[in-house]
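Engineer: quick one, what's the 3D model for this:
(one chain, ligands or ions: 1)
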Amino acid sequence: MDFNLSEEQLMIQQAARDFAQTELFPEVIERDRDQKFPAEQVKKMGEMGLLGMMVDPKYGGAGMDSVSYVLAMEEIAKVDASAAVVMSVNNSLVCAGLEKFASEEQKVKYLTPLASGQVIGAFALSEPEAGSDATSQKTTAEDKGDYYLLNGIKNWITNGGTASYYIVIAQTDPEKKHKGINAFIVEKGWEGFEIGTKEDKLGIRGSDTHSLIFNNVKVPKENRIGEDGFGFNFAMAVLNGGRIGIASQALGIASGAYELALKYAKTRKAFKTEIINHQAIAFKLADMATQITAARMLCFKAACEKDAGKDISESGAMAKLYASQVAMDTTIEAVQIHGGYGYVKEYHVERMMRDAKITQIYEGTSEIQKIVISRSISK
Ligand code: CAA
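Structural biologist: Now for the predicted structure:
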């Protein structure tokens, strides 16, 4: 692994940093308060190539490597974790899955507008009674010859209300367990497809999380991704890459909170000196800096392995497990360093603390990451 970033990677990092400061920062507190989706900003992110970063330009993508993706995700998440999850889901769960596994027709029709940011996508796996235990899902896709009949409910779907295209995972043949599961591309507006309740969340409140209701939705056969029964393996493969995105989001939340805490500690005085001169505060910052660097290295490792075409189930899970813990620990300490100011919205760190928590839950909880890692190391 090369620790020196290329000129191109540095340029992408700088562009994402500038964008985050000029476009995302100004109303981030209001969007969090009002649960307002950053629609205009997401549109601009699409124009910048941030929504299909690793996709081949022939399908509307930016053709960049995964390290660039980690760098850009960190910069966006430093300022606005809600915009970062929109970016992560579209890049890692939707575009990456389609580019790797969809048919040529599906790529032309769906991947191209998604990767170029004309529309955004969502990935629907979780259900009211099936989150971590993904094979237990109840949504069914009954084979009716030239179409499937989709019925069921999906829960906590990021981009649920704003997406135009949805990758939906459903059970076709329960007898076959995970081999009876398929993945489908479903379009918003199809008869019987209803967008359900918008969730009122603790954090990432600018992102748009909904339930989805499918009531006898006819899905054409050509919208199934891959061979019959491939849906569960598809979801697992896609989530491996998705975990790099969420790890990078967690990294960004942590480094954003750390930078604010460092700045504050250098200016705030107590007991006749800047608080960074008190070892109790300096040691907190030292821990944060070390852990954030370690999290970044894990993200880079997983990203490099992905670009090298290696199995990233272990490295993606490690990156997510560790970075999400660092995000939680760092944001809690950043609030602590800010004292009373940290507890009010104006100083941003309380939002970051709320945003951090989800990184330990979605795209596989920390406990699921430990299952993935322990299975991998015991092979
Ligand atoms: N990578 C690739 N393949 C994998 C895999 C991985 N990490 N984990 C399992 N598989 C494959 C296995 O190889 C097996 O395939 P074959 O039969 O072809 O060999 C198949 O999947 C079934 O494997 P298991 O028997 O191990 O399955 P399991 O029922 O024990 O579950 C699990 C494994 C790891 C716990 C899995 O259910 C899992 O990852 N659960 C978490 C689901 C999750 O991450 N949900 C997130 C929702 S999406 C989201 O949050 C999006 C959002 O909006 C932000």
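
Engineer: now do the SS call for the closest residue to residue 9 other than its chain neighbours.
Structural biologist: If the residues on either side of it in the chain are set aside, residue 9 comes closest to residue 68, at 5.1 Å by C-beta to C-beta, 6 or more residues apart in numbering. The way it works is simple: take the backbone N, C-alpha and C, and place the C-beta from them, glycine included. Under DSSP: H, G, I helix; E, B strand; the rest coil, residue 68 falls in the helix class.

Engineer: what about the strands in the chain?
Structural biologist: Using DSSP state E, the strands of the chain run over 121-124, 140-143, 147-158, 165-171, 181-187, 193-198, 209-220, 269-270, 273-274.

Engineer: distance to residue 286, mean pLDDT and mean neighbour count added to those strands, as a markdown table?
Structural biologist: Formatted as a markdown table, the strands of the chain follow (distance: least, C-beta to C-beta, whole Å; pLDDT from 0 to 100; neighbours: other C-beta atoms under 10 Å):
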| stretch | distance to residue 286 | mean pLDDT | mean neighbour count |
| --- | --- | --- | --- |
| strand 121-124 | 38 | 98 | 28 |
| strand 140-143 | 52 | 97 | 18 |
| strand 147-158 | 34 | 98 | 21 |
| strand 165-171 | 43 | 98 | 26 |
| strand 181-187 | 45 | 98 | 24 |
| strand 193-198 | 41 | 96 | 15 |
| strand 209-220 | 36 | 98 | 19 |
| strand 269-270 | 19 | 97 | 10 |
| strand 273-274 | 16 | 98 | 12 |
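
Engineer: who wins for proximity to the ligand among these?
Structural biologist: Taking C-beta to the nearest ligand atom, strand 147-158 is the member of the strands of the chain nearest to the ligand, at 3.3 Å.

Engineer: run me through the strand neighbours of the closest one, direction for each.
Structural biologist: Note on strand 147-158: by DSSP bridges, its sheet partners are strand 140-143 (antiparallel), strand 209-220 (antiparallel).

Engineer: what's the shortest one in contact with?
Structural biologist: The reference is to strand 140-143. Outside strand 140-143, the residues within contact range by C-beta atoms under 8 Å, 6 or more residues apart in numbering are 148-152, 170-172, 174, 182, 184, 219.

Engineer: out of these, what pair is the most spread apart?
Structural biologist: 174 and 219 (17.8 Å; C-beta to C-beta).

Engineer: OK, contacts around the closest residue to residue 228 other than its chain neighbours?
Structural biologist: Among residues not flanking residue 228 along the chain, residue 182 sits closest, at 6.6 Å (C-beta to C-beta, 6+ apart). Each residue near residue 182 by C-beta under 8 Å, 6+ apart is listed here: 141, 148, 169-170, 172, 224-225, 228-231.

Engineer: residue 244 too?
Structural biologist: Contact partners of residue 244, counting by C-beta under 8 Å, 6+ apart, are 66, 69-70, 92, 299, 302-303, 306, 312, 316, 319-320.

Engineer: interface residues of the chain facing the ligand?
Structural biologist: Contact residues (C-beta under 6 Å from any ligand atom) of the chain with the ligand: 89, 123, 125-126, 132, 134-135, 157-158, 178, 232-233, 236-237, 239-240, 313, 362-364, 368, 371-372.

Engineer: what angle do the helix ranked longest in the chain and strand 165-171 make?
Structural biologist: Ranked by residue count and defined by DSSP state H, the top helix of the chain is helix 231-267. Angle between the axes of helix 231-267 and strand 165-171 is 130 degrees (criterion: axes from the mean of the first three to the mean of the last three C-alpha atoms, to 10 degrees).

Engineer: just for the protein, where's the confidence low?
Structural biologist: 1 (pLDDT under 70).

Engineer: that one: helices as residue ranges?
Structural biologist: Counting by DSSP H, the segments of the chain that form helices are 7-19, 28-34, 39-47, 66-79, 81-88, 96-101, 104-106, 112-115, 231-267, 279-307, 313-338, 349-357, 366-377.

Engineer: buried deepest among the ones you listed, which one?
Structural biologist: When the helices of the chain are scored by mean count of other C-beta atoms under 10 Å, the highest mean neighbour count falls to helix 81-88 (a mean of 30).

Engineer: tell me how far that one lies from the chain's centre.
Structural biologist: Offset of helix 81-88 from its chain centre (C-alpha atoms, centre = their mean, to the nearest Å): 6 Å.

Engineer: just want the angle from that helix to helix 231-267.
Structural biologist: Using the same axes, to 10 degrees: helix 81-88 against helix 231-267 is 150 degrees.

Engineer: for helix 81-88, name the packing helices and strands.
Structural biologist: With contacts taken as 3 or more C-beta pairs under 8 Å, 6 or more residues apart in numbering; DSSP states H and E, helix 81-88 sits against helix 39-47, helix 66-79, helix 231-267, helix 349-357.
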